[in-house]
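Asks: I'll drop the sequence and a predicted model, then ask my questions.
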Amino acid sequence: MICRLSVSYILAFFLLNQALSGNEGKRWMQSSVDDLQKASEENDPYAQGYLALAYAHGDKGLNVSMSNALEFARLSSKRDHWLGHFALGYLARFKPYGPDPSLVKKHYLRSFQDPDAKMIKAYANKDPIASYALAEIFTSDEVRPVLIPDLKFASKHYELSSENGFSPATVELALFRQNALVEGEGADREDLADGMELLKKAAEKKLPSAFHFLGRSYVKGIGVEMDFDMALVNFRAAADRGYSLSQLAVADLYAYGVAGPPKLDLALRYARLALDQNEKIALEKISEYEGLQEETAPMTADTLETSTESTPRAPMTDFSSSSSIPVSGKPIPDQTQATRLPSIYDPANANTPASSSSRQNSISSASFDSSQKSLPSTTPEIPLGDVRKLREQAKDHYWGRGTVVDLKMAHQLFHQSSDLGDGEAARYLGIMNLSGKGVPQDRQKALLFLKLASDRGDELASKNLLTLNQAFNKR
């Protein structure tokens, strides 16, 4: 009898311990940051992996910090924990660890294919973090062909995780609702309203991505009336917590006075905050806004002769996300062809990113001949005339002042003006080559033209070079 009781007790204790172990996610979700950090210092790999996700998402009131997230993910991964491997895969989409699809695939598969099936066991014990991880993995194109994305499966697991209180899963579920990502389902009014309610629920937990997508919803009128004031409020809530996509969104809203008068000083501030995660776009925006500063500077007798049109508002930026799930606004007919959320800020959709070899040719290592003139012009010759008027004609076409935007014509006219010794025209050529605006992106040409403009006394070009130097020196 005693023996039977002992065996039953041991078995019950084992099952209870297994259940508690499988529900570690719920346990840490209910814990404070101090408790998590203390457990991390004691080498608890789950606490370390959870902190990695918390920093990556800005969860538990933490500001978004990919570098802090990477530190904790590595600690957890070194102890061969599934959550550490998953966190490294998630972080491989962002600087400083990525973007690197091969690393996403490597770490996600290592987490999912653990011989001991620890993640699957955790999910079986209703661990919300395991459900979230499974959903993320099955929305990822990077894991092909070993795994095929399955949006219905992912939606189910985002829902399970969300129901158990994990806010990042709630945001992803909201995007599924808003964008009708599951085959055979269309986003009706009820889905859109549900998506908004889910985002508001996550925003109550102060999650930056929830604020970002609320802002996006107000900009695009998704499940709510368009309201740029509310968009700005929500984007700022995310931007001030380190969410780089919102930093770029706030910068555009301030730059073009979409929600109130233009505030270029604030636009530049938020664009510079985004340099860490979105260097290319942020640098383009900084140059763009500094150009706007010049355009909106008080008129002088000199500028009055050559510029009579005010700078128009630019088209609104598409405030999408670089999240790992696809968005099309309609059902995806073939889930095996699922893609990631399109975004102008997503490296996958931007111009070809700088390779490691091109990075070696950055300003910090480039050498310039200060006597070198502008690159040879391939445009037709025109009468010399007034260089300033020629440059202003180029700016009319560049900004669409009194005419339609014509970047090809703007490039020709800037080239002609630069060939005649104009520093400002050379700066515009630098900006166009840096951003790939109207011409193929060419960083070396951009640097050459900016240096040329700076040597000719253009102060904004000098600031551009300083900004670029600071950005590259962080590498």
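Replies: Perfect, I can see it now.
Asks: what helix or strand does Phe153 sit in?
Replies: helix 151-163 (DSSP states H and E).
Asks: now do the very next helix or strand once past that helix against helix 151-163, angle only.
Replies: Note on helix 151-163: by DSSP H and E, the next helix or strand toward the C-terminus is helix 167-179. Orientation check (axes from the mean of the first three to the mean of the last three C-alpha atoms, to 10 degrees): helix 167-179 against helix 151-163 gives 130 degrees.
Asks: same for the helix or strand following helix 167-179, what does it pack against?
Replies: Next in sequence after helix 167-179, counting helices and strands by DSSP H and E, comes helix 189-204. Helix 189-204 sits against helix 167-179, helix 208-220, with contacts defined as 3 or more C-beta pairs under 8 Å, 6 or more residues apart in numbering; DSSP states H and E. Placement of C-beta: from N, CA and C, glycine included.
Asks: show me what contacts the residue nearest to Lys95 when sequence neighbours are not counted?
Replies: Leaving aside its sequence neighbours, Lys95 sits nearest to Gln277 (C-beta to C-beta, 6 or more residues apart in numbering; 5.6 Å). By C-beta atoms under 8 Å, 6 or more residues apart in numbering, the residues touching Gln277 are Met66, Phe94, Lys95, Ser244.
Asks: most surrounded residue in those?
Replies: Ser244 (27 neighbours; other C-beta atoms under 10 Å).
Asks: grab the nearest non-local neighbour of it.
Replies: Nearest-residue entry for Ser244: Gln277, 3.8 Å, with adjacent residues in sequence omitted and distances by C-beta to C-beta, 6+ apart.
Asks: distance-wise, check that neighbour relative to Leu109.
Replies: Counting by C-beta to C-beta, to the nearest Å, the gap from Gln277 to Leu109 is 25 Å.
Asks: for Ser31, same thing?
Replies: Ser31 is 29 Å from Leu109, by C-beta to C-beta.
Asks: ditto for Lys280
Replies: 29 Å.
Asks: between these two, who's got more neighbours?
Replies: Lys280 (20 against 17).
Asks: with secondary structure and pLDDT as extra columns, can I get the contacts of Gln277 in a markdown table?
Replies: Converted to a markdown table, these look like this (DSSP: H, G, I helix; E, B strand; the rest coil; pLDDT from 0 to 100):
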| residue | secondary structure | pLDDT |
| --- | --- | --- |
| Met66 | helix | 96 |
| Phe94 | coil | 95 |
| Lys95 | coil | 93 |
| Ser244 | helix | 94 |
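Asks: Gln416: which of these is nearest?
Replies: Ser244 (37.8 Å; C-beta to C-beta).
Asks: and of the contacts of Gln277, the nearest to Lys152?
Replies: Nearest member of these to Lys152, counting by C-beta to C-beta, is Phe94, at 27.1 Å.
Asks: my guess is the closest one meets Met66, correct?
Replies: Yes: using C-beta atoms under 8 Å, Phe94 is in contact with Met66, at 5.0 Å.
Asks: find residues that contact each of those two.
Replies: Contacts common to Phe94 and Met66, judged by C-beta under 8 Å, 6+ apart, are Ala56, Gln277.
Asks: show me where the stretch 201-350 of the chain has its helices.
Replies: For the stretch 201-350 of the chain, the helices defined by DSSP state H, counting those that start in this stretch occupy 208-220, 228-239, 244-255, 264-273, 279-295, 301-304.
Asks: now those in TSV, with distance to Met432?
Replies: Output for these, formatted as TSV (distance: least, C-beta to C-beta, whole Å):
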stretch	distance to Met432
helix 208-220	27
helix 228-239	27
helix 244-255	18
helix 264-273	18
helix 279-295	9
helix 301-304	22
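Asks: nearest to Gln441, out of those helices?
Replies: helix 279-295 (8.9 Å).
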